[in-house]
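Novice: Predicted model and sequence below, questions to follow.
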Amino acid sequence: MIGADIGTGSTKVIALLPDGSVQAVQQQGYITHLPHPGYSEQNPEDILQAVKHGIKEVVRQMGAAPAAISFSSAMHSVMAMDAQHRPLTPLIIWADNRSQDIATALQPTEEGKALYHQTGVPIHPMSPLCKIAWLREEAPELFEQAAMFAGIKEYILHCFSGSYVIDHSIASATGMFDIRQRQWSAEALAFAGITPAQLPEPVPAHYTLSALLPSIAAELGIPASTPLVMGASDGCLAQLGSGALAPGHATLTIATSGAMRMTVPAPVNDPQQRLFNYILDSKHYVTGGPVNNGGVALQWFVRDFLQKKAPEDLNTAIQQALAIPPGAEGVICLPYLLGERAPVWDPHARGAFIGVNPRHTALHFMRALLEGVAFGLLSIAQALQETAGPISKISVSGGFTHSPGWIQLMADIFQQPMYLGQEHDASAIGAAMVGYEALGLPYTSPAAMEEEVFIPREDGKSIYREHYHLYLELYERLKGLL
């Protein structure tokens, strides 16, 4: 089974065998464009080519056509399409903040609160709800030309099959989907100014498109009869791929961004609107929160402050920063380079280093940045425990798992063990697992394999606790100043 995970920074394609082993992996990156302050855009054609390349290469490595191809995708992307299925805009991704004024105005209103509870999506410029409303207000001529609004997975599946469909999981992250009725929300669509006909048809995660377009099949080197399985969002599939469906089993992911999540049987009610509720499948919801500033913040620091550009420089800098004592000898970082999502949902938040004196080096700042990212995720874990119940186990995934020292830091700050599976590609694995289930084929979950456990250390425990409380207070004191 091929699992294709369409991420923010790259697409990763894997081949999963029924015994739970990953036999082939292909990854290809692409660029995010920042043409104006607050904008984050990608070229959908670049991503389409990366998906094609990954599938073609995995098929070549395996020497055989797959039983099916199942998809995972990053959430919250959207672009306008014309009646001839041509993009009218670039792909506007989750990190785009151009609609922050719309989100800020809507969030505290009764309408905003009602939409949060109906759709499960906190009011924030990440959501396609706000992005489409921005296009209606700021680009009315383009908005009038739009026959369809689609995210990256829907665009790629249309290119592959000719059909516009969206899985319930991705739909539940748009801010326009009623997560209990599992249909487009009339109230949300009225706010955005669009109709259901301008959105893809919502279908379950196990829904299967029966055939590829012949030209695409020939390009990929597989039969046109190869099924395409919808799959779900990357965050929800990370739960499945990590084997984290039991109550109290949380996942912690850090890649470009980051997130903490738990699986629940029904949406949880958070009066403070800190957490999302997304659909995984017919029996599971995923609740939690994302942070904007994960690996992207570290890459920025290594590139622009340490003046290092090689890919391996990031891991070297992390190792060197972890040699600095816990607490970075007094430096505290608010890592809000791209604003922040959970739990504060503040697109206006800005980054800051506090407590600096002449003895601090660049590596002290790097250490404080690592700790700041961890504190943000810890604050989400705290909200989860207040709403969804105690966290009994944390499984980790994402690019940060290639740095054992970083995982250990998370265990030390959370004061909970971190469990690392043998496979790092939880979202792609989760997609492949859904593919097996959709076809009714037996398989062994990779999550049943051996895990490495990172046990929290006592060293630095008290200073982490102190700095965490300062981190929370500093945000409240600085909020609105910039």
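Specialist: Now that the structure is in, tell me what you want to look at. Numbering: from 1, shown residues only.
Novice: Could you use CA atoms for every contact and neighbour count after this?
Specialist: OK.
Novice: ok, and what's touching whichever helix or strand H469 is part of?
Specialist: Take DSSP states H and E as the rule and H469 turns out to sit in helix 461-478. By C-alpha atoms under 8 Å, 6 or more residues apart in numbering, the surrounding residues in contact with helix 461-478 are 326-327, 332-334, 372, 375, 412-413, 415.
Novice: could I get those residues as CSV with pLDDT, distance to K479 and neighbour count?
Specialist: Formatted as CSV, the contacts of helix 461-478 follow (pLDDT from 0 to 100; distance: C-alpha to C-alpha, whole Å; neighbours: other C-alpha atoms under 10 Å):
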residue, pLDDT, distance to K479, neighbour count
P326, 98, 26, 23
G327, 98, 23, 21
I332, 98, 16, 26
C333, 98, 14, 25
L334, 98, 11, 23
G372, 98, 16, 24
F375, 98, 17, 25
D412, 98, 28, 23
I413, 98, 24, 23
Q415, 98, 28, 16
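Novice: Can you report how many residues neighbour the residue lying closest to G3 once chain neighbours are set aside?
Specialist: Closest residue in space to G3, ignoring its immediate chain neighbours: A432 at 4.3 Å, by C-alpha to C-alpha, 6 or more residues apart in numbering. By the measure other C-alpha atoms under 10 Å, the count of residues near A432 is 33.
Novice: quick one: A432 and L17 touch, right?
Specialist: No. Judged on C-alpha atoms under 8 Å, A432 makes no contact with L17 at a distance of 9.1 Å.
Novice: Now do the shared contacts for the two.
Specialist: Common neighbours of A432 and L17 (C-alpha under 8 Å, 6+ apart) are M1.
Novice: State the distance from the residue nearest to F375 when sequence neighbours are not counted to N293.
Specialist: Closest residue to F375 apart from its sequence neighbours, by C-alpha to C-alpha, 6+ apart: Y468 at 6.0 Å. Using C-alpha to C-alpha, to the nearest Å, Y468 is found at 17 Å from N293.
Novice: just L338 next, same as before
Specialist: Counting by C-alpha to C-alpha, the gap from L338 to N293 is 7 Å.
Novice: which element is the residue nearest to V286 when sequence neighbours are not counted on?
Specialist: The shortest distance from V286 to any non-neighbouring residue, by C-alpha to C-alpha, 6+ apart, is to T263 (4.5 Å). Assigned by DSSP H and E, T263 belongs to strand 258-264.
Novice: who does the helix or strand following that strand pair up with?
Specialist: Going down the chain from strand 258-264, the next helix or strand is strand 276-279, by DSSP H and E. In the sheet, strand 276-279 lines up against strand 285-291 (antiparallel) (DSSP bridges).
Novice: What are the boundaries of the helices in the stretch 1-150 of the chain?
Specialist: Ranges of helices in the stretch 1-150 of the chain, per DSSP state H, counting those that start in this stretch, are 44-62, 100-106, 110-119, 128-138, 140-145.
Novice: which residues sit against the longest one?
Specialist: The one in question is helix 44-62. 2, 4, 6, 10-15, 23-30, 65-66, 90-91, 152, 156, 219-222.
Novice: hmm, try it at 7 Å
Specialist: 11-15, 24-28, 30, 65, 90-91, 152, 156, 220-221 (C-alpha atoms under 7 Å, 6 or more residues apart in numbering).
Novice: Can you list which of these are found in strands?
Specialist: Among those, DSSP state E puts 11-15, 24-28, 91 in strands.
Novice: Check the residues you listed against G351 and report the nearest one.
Specialist: Nearest to G351, judged by C-alpha to C-alpha, of the ones in strands among the contacts of helix 44-62 is L91 at 25.9 Å.
Novice: what pLDDT does the closest one get?
Specialist: pLDDT recorded at L91 is 98.
Novice: so it bridges to which residues?
Specialist: Note on L91: beta-bridge partners by DSSP bridges are Q42.
Novice: contacting residues around it?
Specialist: 41-44, 77-79.
Novice: Following the chain past the longest helix along the chain, name the next helix or strand.
Specialist: The longest helix of the chain (DSSP state H) is helix 362-387. Once helix 362-387 ends, the next helix or strand along the chain (criterion: DSSP H and E) is strand 393-397.
Novice: Give me the contacts around that next one.
Specialist: 242, 248-254, 417-420, 424, 426.
Novice: Could you measure from the residue of the chain positioned farthest from its centre over to E329?
Specialist: Going by C-alpha atoms, centre = their mean, the residue of the chain most distant from its centre is P358, 37.7 Å out. With distances taken as C-alpha to C-alpha, P358 is found 12 Å from E329.
Novice: same check, this time on R261
Specialist: Distance, R261 to E329, by C-alpha to C-alpha: 31 Å.
Novice: Looking at the two, which is more packed in?
Specialist: R261 (29 against 18).
Novice: Return the distance of that one relative to L91.
Specialist: 26 Å.
Novice: count of neighbours near M418?
Specialist: For M418, using other C-alpha under 10 Å, the count is 25.
Novice: from what I can see it touches V453, true?
Specialist: Yes. Judged on C-alpha atoms under 7 Å, M418 makes contact with V453 at a distance of 5.8 Å.
Novice: could you check the angle helix 362-387 makes with the helix holding H469?
Specialist: If you take axes from the mean of the first three to the mean of the last three C-alpha atoms, to 10 degrees, helix 461-478 sits at 80 degrees to helix 362-387.
Novice: buried set for helix 461-478?
Specialist: Of the residues in helix 461-478, those buried under the neighbour-count criterion (16 or more other C-alpha atoms under 10 Å) are 461, 463-465, 467-468, 471, 474-475.
Novice: pLDDT and distance to H117 added to these, as TSV?
Specialist: Shown next, in TSV, are the buried residues of helix 461-478 (pLDDT from 0 to 100; distance: C-alpha to C-alpha, whole Å):
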residue	pLDDT	distance to H117
K461	97	37
I463	98	37
Y464	98	34
R465	98	32
H467	98	33
Y468	98	29
Y471	98	29
L474	97	29
Y475	97	26
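Novice: I'd like to know which of the residues you listed is nearest to K131.
Specialist: Closest to K131, out of all of the buried residues of helix 461-478 and judged by C-alpha to C-alpha, is Y475, at 26.1 Å.
Novice: And the closest one, how close does it get to F353?
Specialist: 11 Å.
Novice: what do you get for R182?
Specialist: R182 is 43 Å from F353, by C-alpha to C-alpha.
Novice: what's the answer for P343, then?
Specialist: 20 Å.
Novice: Same question for T32.
Specialist: 26 Å.
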